[in-house]
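A.B. asks: Just need the structure, nothing else, for what follows:
(2 chains)
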Amino acid sequence: MLLARLSEALGVSGDEGAVRELVLEQVRPYVDAYRIDGMGNLLVVKGGNKRGPRVMLAAHMDEVGFMITKIEKNGLLRFAKVGGIDDRILIGKRVRVGPDGVPGVIGGKPVHLDRKARSVTRADDLVIDIGAGSKEEAEKVVRPGHYAGFDTAFGEFGQGCWKGKAFDDRAGCALLIEILRGEYDFPLYGAFTVQEEVGLRGAAVAAYALEPDVALVLEGTTCADIPGTEPHGQSTRLGHGPAITAMDRTVIPPRWLTDLLVWAAERRNIPYQWKRTTFGGTDAGRIHISRAGVPTAVVSVPCRYIHSPCAVMSRADFEAARDLVRGFLQDVSEGGLRR
Amino acid sequence: MSEGRSTLLERLRRLTETYGPSGREDAVRALIEEEIRPFADEVRVDALGNLIARRAPRGAAGAAGASRRVLVAAHMDEIGLIATHIDDNGFIRFDPVGGQDAKVLVGQRVRFENGVIGIIGHEKLEDAKDLKLAKLFIDIGARSGAEARERVRVGDMAVFHRPLERAGDRLIAKAMDDRSGCAVVIEAMSRLESSPHEIFFVFTVQEEVGLRGARTAAYGVEPDVAVAVDITLAGDTPEPAHRVDVKLGKGPAIKIKDLSVISHPLVRDWMTRAAEGHGIPYQYEVLPIGGNDAGAMQVARAGVPSGTLSIPCRYAHTPVEMVDAGDLENAVRLLVAMLEGPIG
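C.D. replies: Residues are numbered from 1 along each chain as shown, chains lettered A, B, ... in the order given. All right, here's what the predicted structure looks like:
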């Protein structure tokens, strides 16, 4: 299954090669041309010579993870976080380390010996244990500067739910791959971007190169429909359809564009929800201010527990997101970008 | 009050009372577009919604070599609130659009784009320190969630609901930031006769959420030099939050720096020379906080010498932003004097 393979591939920001290879293998039969730009974004085009608006769809390939900073004498690895990760979720997690994907475990002082165990141990005080007995032994498989990422098997469970790592934003990558299989009556550009989690970096240069007339960012977003969160603090709710962003920290999508998305959903009876919080940002933040400006909106699949080793997503939400974006593109095929 | 001042005041009244939070500047843009058409050679709207008016060089003023492409920017957007959730009793939760202070919001009247009026209430507070935006809600008088959702949708934005008032020589309104800048630019366009420069008057969007419109406008216009016209904080009230040596009524301020820009010496000197040459009072402004459109314009493409003509303003980001009528008039005179002559 495509999403399973995407989720299990390792691709921490700046090290997206394995994800890019997988994506490329999937989209190659369906696109007219592709290129990998100077930062590592995979840019693809379908129908570049067609008339009509240049539409850009973007999903980021990178995920949050770690970088090895130092190998201690006893073979334990010090690390830095890459992207936003909560220190509370680190201890005891399995990771894959270095270019060979060596298995490791994040460890810290056991609770029995830690008088301050009621407080959270900071990432700086944790280590990754790859079972090496000494610095020399560890150095055979890992060096400072190598990456590490969560090691989580994808799975289906419960009532139509999926669990796995990196749904932010492999869910968007999977959506974009499925959408590229279709045919559209306008030039369609796909951008699988790098380094979103460390500051929306890849998207900035991708949008500069593609010069689109309009852009849609496909994301896996926060979902907090859990006990202890008031309804208005819940970002999105699982199983209530894809989320449309009214505003976040980085972008205010134009109302005419979100209206087109709402219209695409409502006329096809596709469920959708508005994202209820405005914190966080996405590649849209950089795309919409590219060159002389690009109207940009965001469609997201709700994912509980993102930026952790295991997120939960609803299959129905994913499929509805796909149908919504396809519907929107169909509407653009038929009527152009009606403001 | 002179005739010039009274048209400026009426224009400012219409502008400040118009709805236009960041990303929803349509009504302000329509109003300004109508006002500036007689003074522009071309008017267009870019992809983000910036209103861009071009004026070709006119008259014999200055040597031919003195002509530059100048971008003059004032932002159309004001701070606001965005509806994020409507509960089953019809109360609307919101997030800020731009810099909002929970202390200021309690008890305010707000208005949505479709004219719906609401007030801001708060949950029980154990302590004044608990007054956070998350404790506030908008009440539009709806009897149920269903009724509220018919009148307001998630994603709709509200702004302060206040008329402009005169208090002596001072004017009080919401959205003085930056409709006072818009009014100054429009007035300068109407008074400007000869200029050696090709001037792009740009009314920008989304300044309050990160100088976004100015960035794309400057990319599109590719100016040789850029000037933003915006309000700045006056530090002349009792125990001000920030030490700023700018006073109401002492003339427009020439910005030296804020957190987004260090005014280019070329622009700073151009402004200073124009003020001194025409006997216009001015003050230098060193602002320890904040940013303005010049911050985005200076880094457009390969870089643009940029600076800011500031209008001193008390109580910024409240419904009672206060400016001095004389400062506005002198800001217009300074902008006209700058654009009539050579830059440097």
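A.B. asks: which SSE is the residue at minimal distance from the centre of chain A in?
C.D. replies: Nearest to the geometric centre of chain A sits residue A:169, at 1.6 Å (Cα atoms, centre = their mean). In this structure, residue A:169 sits in helix A:167-180 according to DSSP states H and E.
A.B. asks: tell me the angle of the helix or strand that comes right after that helix relative to helix A:167-180?
C.D. replies: Using DSSP H and E, the helix or strand that directly follows helix A:167-180 along the chain is strand A:188-193. Comparing the axes of strand A:188-193 and helix A:167-180 via axes from the mean of the first three to the mean of the last three Cα atoms, to 10 degrees yields an angle of 160 degrees.
A.B. asks: thinking again about what came up before, would you confirm that the residue nearest to the centre of chain A contacts residue A:192?
C.D. replies: No. Look at residue A:169 against residue A:192 with Cβ atoms under 8 Å: they stay out of range, at 9.5 Å. Backbone N, C-alpha and C define where each C-beta goes, glycine included.
A.B. asks: Could you tell me which residues touch both of those two?
C.D. replies: A:59-61 (Cβ atoms under 8 Å, 6 or more residues apart in numbering or on different chains).
A.B. asks: could you show me where the helices are in chain B, in order?
C.D. replies: B:3-17, B:26-36, B:102-105, B:145-151, B:176-191, B:212-221, B:265-277, B:294-297, B:325-340 (DSSP state H).
A.B. asks: Which one of these lies nearest to chain A?
C.D. replies: Minimum separation from chain A across these (Cβ to the nearest Cβ) falls at helix B:212-221, 3.5 Å.
A.B. asks: hmm, the closest one in reach of chain A?
C.D. replies: Yes. Using Cβ under 8 Å from any Cβ of the partner chain, helix B:212-221 comes into contact with chain A via B:212-213, B:215-217, B:219-220.
A.B. asks: burial count for residue B:273?
C.D. replies: Burial measure for residue B:273: 16 neighbouring residues, criterion other Cβ atoms under 10 Å in any protein chain shown.
A.B. asks: Could you check how far it is from residue B:199?
C.D. replies: Noted for residue B:273: a distance of 18 Å to residue B:199, by Cβ to Cβ, to the nearest Å.
A.B. asks: which regions of the stretch 51-200 of chain B sit below the pLDDT cut-off?
C.D. replies: Where the stretch 51-200 of chain B drops to pLDDT under 70, the residues are B:60-64.
A.B. asks: Enumerate every residue touching the residue in it positioned nearest to chain A.
C.D. replies: The nearest approach of the stretch 51-200 of chain B to chain A comes at residue B:155, 3.2 Å away (Cβ to the nearest Cβ). Counting by Cβ under 8 Å, 6+ apart, residue B:155 makes contact with A:246-247, A:255, A:258, A:274, B:82-83.
A.B. asks: Which member of these is positioned nearest residue B:177?
C.D. replies: For the contacts of residue B:155, the closest approach to residue B:177 (Cβ to Cβ) belongs to residue B:82, at 18.1 Å.
A.B. asks: what bridges to that closest one?
C.D. replies: Listed by DSSP bridges, the beta-bridge partners for residue B:82 are residue B:95, residue B:157.
A.B. asks: ok, now which ones touch it?
C.D. replies: Counting by Cβ under 8 Å, 6+ apart, residue B:82 has contacts A:246-247, A:278, B:21, B:94-97, B:155-158.
A.B. asks: The same query, at a cut-off of 6 Å, please.
C.D. replies: A:247, B:94-95, B:97, B:157 (Cβ atoms under 6 Å, 6 or more residues apart in numbering or on different chains).
A.B. asks: Mind checking the helices of chain B for the one nearest to residue A:315?
C.D. replies: helix B:145-151 (28.5 Å).
A.B. asks: What are the buried residues along that closest one?
C.D. replies: B:148-149, B:151 (16 or more other Cβ atoms under 10 Å in any protein chain shown).
A.B. asks: which non-adjacent residue is nearest residue B:117?
C.D. replies: The shortest distance from residue B:117 to any residue other than its chain neighbours is 5.5 Å, reached at residue B:111 (Cβ to Cβ, 6 or more residues apart in numbering or on different chains).
A.B. asks: quick one on the thing from earlier: closest to residue A:83 among the residues of helix B:212-221 next to chain A?
C.D. replies: For the residues of helix B:212-221 next to chain A, the nearest to residue A:83 is residue B:212 (23.8 Å; Cβ to Cβ).
A.B. asks: was I right about the closest one contacting residue A:289?
C.D. replies: Yes. Residue B:212 lies in contact with residue A:289 (Cβ atoms under 6 Å); the separation is 5.4 Å.
A.B. asks: and residue A:269, helix, strand or coil?
C.D. replies: When classified by DSSP: H, G, I helix; E, B strand; the rest coil, residue A:269 comes out as coil.
A.B. asks: rewinding a little: in helices only, show me the contacts of residue B:155.
C.D. replies: Going by DSSP H, the helices hold A:255, A:258 from those.
A.B. asks: The contacts of residue B:155 into a markdown table, with extra columns for distance to residue B:69?
C.D. replies: Below are the contacts of residue B:155 laid out as a markdown table (distance: Cβ to Cβ, whole Å):
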| residue | distance to residue B:69 |
| --- | --- |
| A:246 | 37 |
| A:247 | 34 |
| A:255 | 32 |
| A:258 | 35 |
| A:274 | 42 |
| B:82 | 36 |
| B:83 | 41 |
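A.B. asks: and the stretch 101-250 of chain A, which residues reach chain B?
C.D. replies: A:232, A:246-247 (Cβ under 6 Å from any Cβ of the partner chain).
A.B. asks: again, only using 10 Å
C.D. replies: Contact residues (Cβ under 10 Å from any Cβ of the partner chain) of the stretch 101-250 of chain A with chain B: A:212-214, A:230-235, A:244-250.
A.B. asks: ok, of those, which come out buried?
C.D. replies: The neighbour count (16+ other Cβ under 10 Å) marks A:212-214, A:232, A:234-235, A:244-248, A:250 as buried among those.
A.B. asks: Would you convert those residues into JSON lines that also reports pLDDT and distance to residue A:40?
C.D. replies: JSON lines is the format used below for those (pLDDT from 0 to 100; distance: Cβ to Cβ, whole Å):
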{"residue": "A:212", "pLDDT": "98", "distance to residue A:40": "19"}
{"residue": "A:213", "pLDDT": "97", "distance to residue A:40": "25"}
{"residue": "A:214", "pLDDT": "98", "distance to residue A:40": "24"}
{"residue": "A:232", "pLDDT": "79", "distance to residue A:40": "39"}
{"residue": "A:234", "pLDDT": "79", "distance to residue A:40": "35"}
{"residue": "A:235", "pLDDT": "83", "distance to residue A:40": "29"}
{"residue": "A:244", "pLDDT": "97", "distance to residue A:40": "29"}
{"residue": "A:245", "pLDDT": "96", "distance to residue A:40": "26"}
{"residue": "A:246", "pLDDT": "95", "distance to residue A:40": "31"}
{"residue": "A:247", "pLDDT": "96", "distance to residue A:40": "29"}
{"residue": "A:248", "pLDDT": "95", "distance to residue A:40": "25"}
{"residue": "A:250", "pLDDT": "96", "distance to residue A:40": "21"}
